[in-house]
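K.L.:
pasting the sequence and the predicted coordinates here, then a few questions.
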Amino acid sequence: MSEQSVPEAEVVEIRDQAARDAAARVAEYEHGWSSDIEQEYGPKGLSEDTVRYISAKKDEPEWMLEWRLKAYRHWLTMPMPDWAKLNIPPIDYQAAYYWAAPKTKDGPKSLDEVDPEILRVYEKLGIPLEEQKVLAGVEGARKVAVDAVFDSVSVATTFRKELEAAGVIFRSISEAIREYPELVRKWLGKVVPMGDNYFSALNCAVFSDGTFVYVPEGVRCPMELSTYFRINAENTGQFERTLIVCDKGAYVSYLEGCTAPQRDENQLHAAVVELVALDDAEIKYSTVQNWYPGDAQGKGGIYNFVTKRALCQGKRSKVSWTQVETGSAITWKYPSCVLNGEDSVGEFYSVAVTNNHQQADTGTKMIHNGKGSRSTIVSKGISAGKSQNTYRGLVRVAAQAEGVRNFTQCDSLLLGKDCGAHTVPYIEVRNPSATIEHEATTSKISDDQLFYAMQRGLDQEASVALIVNGFAKEVLQQLPMEFAVEAQKLLGISLEGSVG
Amino acid sequence: MLQISDLHATVADKPILKGLSLTINAGEVHAIMGPNGAGKSTLGYTLGGRPGYEVTGGSAMLEGADLLEMEPHERAAAGLFLGFQYPVEIPGVSNLQFLREALNAQRKGRGEAPLSGGEFLKIAREKSALLKMDMEMLKRPVNVGFSGGEKKRAEMVQMGILDPKLAILDETDSGLDIDALRICGEGINAIMRRPDKAVLLITHYQRLLDYVKPDFVHVLAGGRIVKSGGPELAHELEERGYEAVEGAAA
């Protein structure tokens, strides 16, 4: 612990506030694009002009603009990837807005106009009314909710002071580019190079905002960091950019996402997340993703094409990805670890739920370059309805990496007979000293299990939720406590109506 | 307590129960015996409301309430407990979590307040001690890695915690060694031998009945009760076999 550490009770209280940071930042942006009065629209479609417009709006330095333009020009030369087991309809990049799209006129005026199905889910998750309005995109709701969450400005200030006292830098990435250009420039695009893939190149060119975290040497971040308190900043979601750097011996736990289904006008989400862990540093990155999955007939829904990668650069560095993926029409996501450091550790814990017509192709890559590096992969896929759920994972051991160990466990649970579960493990081992284990199972929720649970008093919904949560337990217990409870509820809700 | 009259049920369109009638009063223990395929397990599943067990005629009332109109979980909340011949595994869900959720769901269904963690644990400790089952076992996932005997004992712990009005115990004695049989038998007596409760034992053998003395014994054959009597009927069956006893009844 650092010298600036605070008493336990205070930490707990602040941690509770920690989750509210994004809302705080939204509140601070009143002069900017989140204001209803001064809404400004960027040009429609994607071009160099669009990229310049975004960079200028954000008052970025010249190097940042050049970087974006380079990415954009590279993106133009790239084909859309088609290797995933996904059926992706063509995306019209010229029909989209990349900066503050004009509000559609048909947004709900009040909760009465919101799909009752969505309201029912909010209710089940126990979300307060004012927050429901924000999530559902009710006009003019944001200001009220932010005020409701923040009864005083001092809360946010206390929170920020606390982090500053510890030396932790926690900023929007736009702020960080202006305030800490050297630090950002040193690592931005180093973990996920701009040309890494089609969507990462797109993100580099037009990312709107995101988060920057730097934890200095030897500091244990005094609270869990979150970009949200359920209320997401409206326009960062589409092309979000996150960079977290953990210096030697530092530790941070970062929570991303939201259990409540969110309304969003943008169909395509292509975020990039880069993590860097130096010697003895540890980063725990937890995600709950519940973007709108489309309706039961497969109409609408978000395309979630995310690139997440961690660089375990230092000796004994450790990065742990935990994800609960229940939303989006299409998910294309492989949080990975490049294990360069000797004895570095990579972990991937995943629950992916698909229902109705959802498609998910998700997994991880563990690239073992360092001696004695170890990785653990636990993937739990749950498919229902007519959905397709694929685990795709790579374990690669470089020739120089002695004594590498990997353990992979992939379990699939099927509900109903029209869904699919697929496991595609790639194992590339170039050093004979490696120990690689892979276990895979596929099972169904049996009628026996359902009737047994119901005979004991649980209704069908609760029975399915219980069985599914048991199936996913190894992953759920990796989540921070306050997230785990919501994630458990979410699993049950996502699968409602999928049995019987 | 339980009134079944002229119950008909089919499984996969095949008639299994063909006009079964049975009345069980509060405070009584009944035993149903009968050859394989007679419909004993079907009776339990049908009363429990298992999907696939279709009632084609007759009625079944539990304390005046129509069982057949209820969902399986509603029947549980109404006080019906089914002891499974083959208890089911639920990986990743501890017995304690399972039972607390189940009990509170039942209580909610009856309009009662949920039990706190402390109140629940007190009951769980008490009932597991009754069945001489280590509390550590209850922290493990439901029936996963349990031996046959442990599963049956765990069923009785579940019964103790859920505290039903009527327990239908389907071959609870199968797979039990002598000591476990005694412990289960004594457990059933301690939990269910009360003036406001009733038990229906489904069994092949006399041996469980040595511990849980039935007030009535019935022979189920061809989907109906073909003979009823006192505890002596079980001895007669054990000595002479179903065929002889059935033949005499016909």
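P.N.:
The structure has been received and is ready for your questions. Quick caveat, the model's predicted, so the values are computed rather than measured. Residues are numbered from 1 along each chain as shown, chains lettered A, B, ... in the order given.
K.L.:
give me the distance between the residue nearest to residue B:26 when sequence neighbours are not counted and residue B:229.
P.N.:
Nearest residue to residue B:26 in three dimensions, chain neighbours excluded: residue B:1, at 4.7 Å (CB to CB, 6 or more residues apart in numbering or on different chains). Bear in mind the C-beta positions are built from the backbone N, C-alpha and C, glycine included. According to CB to CB, to the nearest Å, residue B:1 stands 20 Å off from residue B:229.
K.L.:
centre-most residue in chain A?
P.N.:
residue A:287 (4.6 Å; CA atoms, centre = their mean).
K.L.:
nearest residue to it in space, please, no chain neighbours.
P.N.:
Using CB to CB, 6+ apart, the closest residue to residue A:287 is residue A:323 (4.4 Å).
K.L.:
kindly state the beta-bridge partners for the one you found.
P.N.:
Residue A:323 forms beta bridges with residue A:287, residue A:350, as assigned by DSSP bridges.
K.L.:
pretty sure it contacts residue A:304?
P.N.:
No: with contacts counted by CB atoms under 8 Å, residue A:323 stays clear of residue A:304, the gap being 11.2 Å.
K.L.:
what residues are shared contacts of these two?
P.N.:
A:289, A:333 (CB atoms under 8 Å, 6 or more residues apart in numbering or on different chains).
K.L.:
looking at those two, which has the bigger crowd around it?
P.N.:
Higher neighbour count among residue A:323 and residue A:304: residue A:323, with 27 against 22, using other CB atoms under 10 Å in any protein chain shown.
K.L.:
quick one: the more buried one from residue A:163, how far?
P.N.:
25 Å.
K.L.:
can you check residue A:413 too?
P.N.:
Taking CB to CB, one finds residue A:413 at 40 Å from residue A:163.
K.L.:
what do you get for residue B:183?
P.N.:
58 Å.
K.L.:
quick one on the thing from earlier: who's in contact with the residue nearest to residue A:287?
P.N.:
A:286-289, A:333, A:335, A:349-352, A:362.
K.L.:
redo those residues as JSON lines? Include pLDDT and distance to residue A:46.
P.N.:
Output for the contacts of residue A:323, formatted as JSON lines (pLDDT from 0 to 100; distance: CB to CB, whole Å):
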{"residue": "A:286", "pLDDT": "92", "distance to residue A:46": "32"}
{"residue": "A:287", "pLDDT": "89", "distance to residue A:46": "27"}
{"residue": "A:288", "pLDDT": "86", "distance to residue A:46": "30"}
{"residue": "A:289", "pLDDT": "84", "distance to residue A:46": "25"}
{"residue": "A:333", "pLDDT": "93", "distance to residue A:46": "22"}
{"residue": "A:335", "pLDDT": "96", "distance to residue A:46": "26"}
{"residue": "A:349", "pLDDT": "96", "distance to residue A:46": "35"}
{"residue": "A:350", "pLDDT": "95", "distance to residue A:46": "31"}
{"residue": "A:351", "pLDDT": "93", "distance to residue A:46": "34"}
{"residue": "A:352", "pLDDT": "93", "distance to residue A:46": "30"}
{"residue": "A:362", "pLDDT": "93", "distance to residue A:46": "26"}
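K.L.:
output the set of residues of chain A in proximity to chain B.
P.N.:
Taking CB under 8 Å from any CB of the partner chain as the contact definition, chain A meets chain B at A:446-449, A:451-460, A:462-463, A:466-467, A:469-474, A:500.
K.L.:
and these, which are buried?
P.N.:
Listed as buried from these are A:449, A:451-460, A:462-463, A:466-467, A:469-473; burial here means 16 or more other CB atoms under 10 Å in any protein chain shown.
K.L.:
mark which of those are part of helices, please.
P.N.:
Counting by DSSP state H, those place A:449, A:451-455, A:460, A:462-463, A:466-467, A:469-471, A:473 in helices.
K.L.:
and which of these is nearest residue B:44?
P.N.:
residue A:455 (9.8 Å; CB to CB).
K.L.:
next, the contact list for the residue nearest to residue B:26, please.
P.N.:
B:24-26, B:28, B:62-63, B:165-166, B:197-198.
K.L.:
go with 10 Å
P.N.:
Residue B:1 makes contacts with B:23-28, B:61-64, B:79, B:165-166, B:196-200, as judged by CB atoms under 10 Å, 6 or more residues apart in numbering or on different chains.
K.L.:
can you tell me the residue of chain B closest to chain A?
P.N.:
residue B:92 (3.0 Å; CB to the nearest CB).
K.L.:
that residue reaches residue A:468, doesn't it?
P.N.:
Yes: with contact defined as CB atoms under 10 Å, residue B:92 counts as touching residue A:468 (9.2 Å).
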